[in-house]
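K.L.:
Next one to model:
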Amino acid sequence: MSTEHRAYFNYLQKRSRVSFWVRHFFIKDLMRHFHGQVLDVGCGIGEFLDQYRSSLGVDINPLMIDYCQAKGHQGCVSAAYPLPFATNSFDGVLASNILEHLESAETAVAEASRVLKPGGILVATVPQEAGFQHDATHIKMIQQSNFIEIAPKFGLKQTDSYFFPFRLQWPGKIFYFCELRAVFIKV
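P.N.:
Numbering: from 1, shown residues only. Now for the predicted structure:
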């Protein structure tokens, strides 16, 4: 077990009650995009899994998966690529705050599209400027133009793109918790 895995697991568990409430608010907005069985890629301690019961989580950190399974959730240890699931397996895929950590966000989007059923929904969230700078493990900042460029390569059509929790871009330059959210359908 790496010390990085343990440190991040401990960080997620020790967040304040306010932080958990804010995450609940953030997750409620994500849930409205989904129906059916959803794969949460980078599920962490299972906050999405707690609220969207028709979901399964994967995370590269075994401590996260052990924790989620202890809470009764389905999950397995896996990176964002390759995913250990058959093609056309899920009605939805959530990639929340993981793409900026990866060497190849494009490969992760390709894998998400592969496991999506036709008509399935991919929701990707990434931090805005202040959030990107807040975490030293971020590799590449993802912007709206990146999503527009990547999506068609993998049979995805962007149906929505918005800033959250504010519908404006400028708060993301100041507040680390602001996200860009992009919603795609597999055509």
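
K.L.:
which SSE is residue 106 in?
P.N.:
If you go by DSSP states H and E, residue 106 is part of helix 105-115.

K.L.:
Tell me the spacing between the residue positioned nearest the centre of the chain and residue 164.
P.N.:
What sits nearest the mean C-alpha location of the chain, by Cα atoms, centre = their mean, is residue 96, with 1.7 Å. Relative to residue 164, residue 96 is positioned 11 Å away (Cβ to Cβ, to the nearest Å). C-betas here are computed from N, CA, C, even on glycine.

K.L.:
Give the residues shared as contacts by these two.
P.N.:
Jointly contacting residue 96 and residue 164 under the rule Cβ atoms under 8 Å, 6 or more residues apart in numbering are residue 125.

K.L.:
where in the chain is pLDDT low?
P.N.:
1 (pLDDT under 70).

K.L.:
let's see 80
P.N.:
Where the chain drops to pLDDT under 80, the residues are 1, 16, 20.

K.L.:
what are the ranges of the helices in this structure?
P.N.:
3-13, 17-31, 47-51, 62-70, 105-115, 129-134, 144-150 (DSSP state H).

K.L.:
taking these together, which one is wrapped up most tightly?
P.N.:
Mean neighbour count (mean count of other Cβ atoms under 10 Å) peaks for helix 105-115 among the helices of the chain, with a mean of 21.

K.L.:
which other helices and strands contact that helix?
P.N.:
If you count contacts as 3 or more Cβ pairs under 8 Å, 6 or more residues apart in numbering; DSSP states H and E, helix 105-115 packs onto strand 38-41, strand 90-96, strand 116-127, helix 144-150.

K.L.:
let's see it at 6 Å
P.N.:
Here helix 105-115 touches strand 90-96, going by 3 or more Cβ pairs under 6 Å, 6 or more residues apart in numbering; DSSP states H and E.
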